[in-house]
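Trainee: Pasted the sequence and its predicted model underneath.
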Amino acid sequence: MIYGFELRKLRIIGNDEKASEVSFKSGLNVIAGPSNTGKTYIFECINFMLGGTELPEPIDEAKEYHTVQLEIISRNNQVYTLERGLTGGKVKKYNSAISEIESNSKFTELAQKHAKKESVSSFLMKLSGFINTELFVIDRLSNQVRQFLCERFVSGSPAQAFSGSVVNQIQ
């Protein structure tokens, strides 16, 4: 099985507004442009959709929008769409592309934080090859062992993400 995933599309939608979206290609994507054109907002929306707790900083151009969607594709070519209200709350996971979602489409709710049911983080870690694995790191400042939350997405094997790091894998 091949592990990993790529971002494909970020879309924000509102009641009467036309949806705004950014598409991503395979490989490195650079968001560039003049000041005050939404680059930071795009980054904040991506972070929010990948399980971040901070809401995207409101901007005038997005005041009529209420929902953000992020389309991802696994290395096994399974397409998923994550959807979340811009005010926070649970994440909906659709097993389809954004363009295929309708009002009656089935979805699974993902918790924002680790819970008894699947969370955004655990879903993304499974796609990245961390299945039924708990990772811990040693915090050198406090000399405490902390649970590791994967914030980096890499191609290849999970071990490559941690080369040079002190990580204990406990199963």
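Mentor: Nice, I can see it.
Trainee: From Leu70, how far off is the residue nearest the centre of the chain?
Mentor: The residue lying closest to the centre of the chain (C-alpha atoms, centre = their mean) is Leu50, at 2.2 Å. Computed as C-beta to C-beta, to the nearest Å, the Leu50 to Leu70 distance reads 8 Å. Any C-beta I mention is one placed from the backbone N, CA and C, and that applies to glycine too.
Trainee: and the residue nearest to the centre of the chain, what does it touch?
Mentor: Contact partners of Leu50, counting by C-beta atoms under 8 Å, 6 or more residues apart in numbering, are 70, 120, 124.
Trainee: Can you name the residues in contact with stretch 67-85?
Mentor: By C-beta under 8 Å, 6+ apart, the list of residues contacting stretch 67-85 from outside reads 1-14, 45-46, 48-50, 56, 66, 86, 90-98, 101, 107, 110, 120, 127, 155.
Trainee: Out of those, which end up buried?
Mentor: Burial of the contacts of stretch 67-85 was assessed by neighbour count (16 or more other C-beta atoms under 10 Å); the buried members are 3-13, 45-46, 48-50, 56, 86, 91-94, 96, 98, 101, 110, 120, 127.
Trainee: Among those residues, which ones are in helices?
Mentor: Among the buried ones among the contacts of stretch 67-85, the ones falling in helices (DSSP state H) are 45-46, 48-49, 120, 127.
Trainee: Dump the residues you listed into JSON lines; add pLDDT and distance to Glu61 as well.
Mentor: Written out in JSON lines, the entries for those read as follows (pLDDT from 0 to 100; distance: C-beta to C-beta, whole Å):
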{"residue": "Cys45", "pLDDT": "96", "distance to Glu61": "12"}
{"residue": "Ile46", "pLDDT": "96", "distance to Glu61": "17"}
{"residue": "Phe48", "pLDDT": "94", "distance to Glu61": "17"}
{"residue": "Met49", "pLDDT": "95", "distance to Glu61": "18"}
{"residue": "Val120", "pLDDT": "90", "distance to Glu61": "26"}
{"residue": "Leu127", "pLDDT": "92", "distance to Glu61": "31"}
